[in-house]
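>>> Could you look at this predicted model? Sequence included:
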Amino acid sequence: MKKIGQLTYYATGRRKESVARVYLTPGEGKISVNQKPFEGYFNRETHRLIIVQPFKATKTLGKYDIRATVSGGGIGGQAGALRHGIARALAAIDETLRVVLRKDGYLTRDPRAKERKKYGRKRARKRFQYSKR
């Protein structure tokens, strides 16, 4: 949530193991993720809808260009991290948008993460198959 230069705002979004570095500048609504158009990076429509949710909530769709770098985790986590970063950058631009974004839950970092594997188990909770005989 920093201001870089005259019109560029920077924010970091996180979800699961994913981290998104988001740079927001006034423009016509172009979104590029890892130097690709976001339609090419996020193939699923649901992921693309998740990413534009903060813009729809604040009625700023098409007013800002986004240049983002995402790393870690899977595609779903990266989409969530990008949404979190966009919401934080929008809140940095205009404090009045913070109320709307907070109400819809876009500024809250989702704390859910993968549970660690336990010894004597296949995964975190899955047990090996029981054999009576």
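Yep, it's here.

>>> So which residues of the chain form helices?
Secondary structure of the chain (DSSP state H): helices at 38-41, 45-58, 75-93, 97-104.

>>> Which one, of those, ends up nearest to G120?
Minimum separation from G120 across these (C-beta to C-beta) falls at helix 75-93, 28.2 Å. (Each C-beta comes from the backbone N, C-alpha and C, glycine too.)

>>> so how far is that closest one from its chain's centroid?
4 Å (C-alpha atoms, centre = their mean, to the nearest Å).

>>> what's it packed up against?
In terms of contacts (3 or more C-beta pairs under 8 Å, 6 or more residues apart in numbering; DSSP states H and E), helix 75-93 is packed against strand 8-15, strand 18-26, helix 45-58, strand 64-71, helix 97-104.

>>> what do you get if the cut-off is 10 Å, keeping everything else the same?
With contacts taken as 3 or more C-beta pairs under 10 Å, 6 or more residues apart in numbering; DSSP states H and E, helix 75-93 sits against strand 2-4, strand 8-15, strand 18-26, strand 31-33, helix 38-41, helix 45-58, strand 64-71, helix 97-104.
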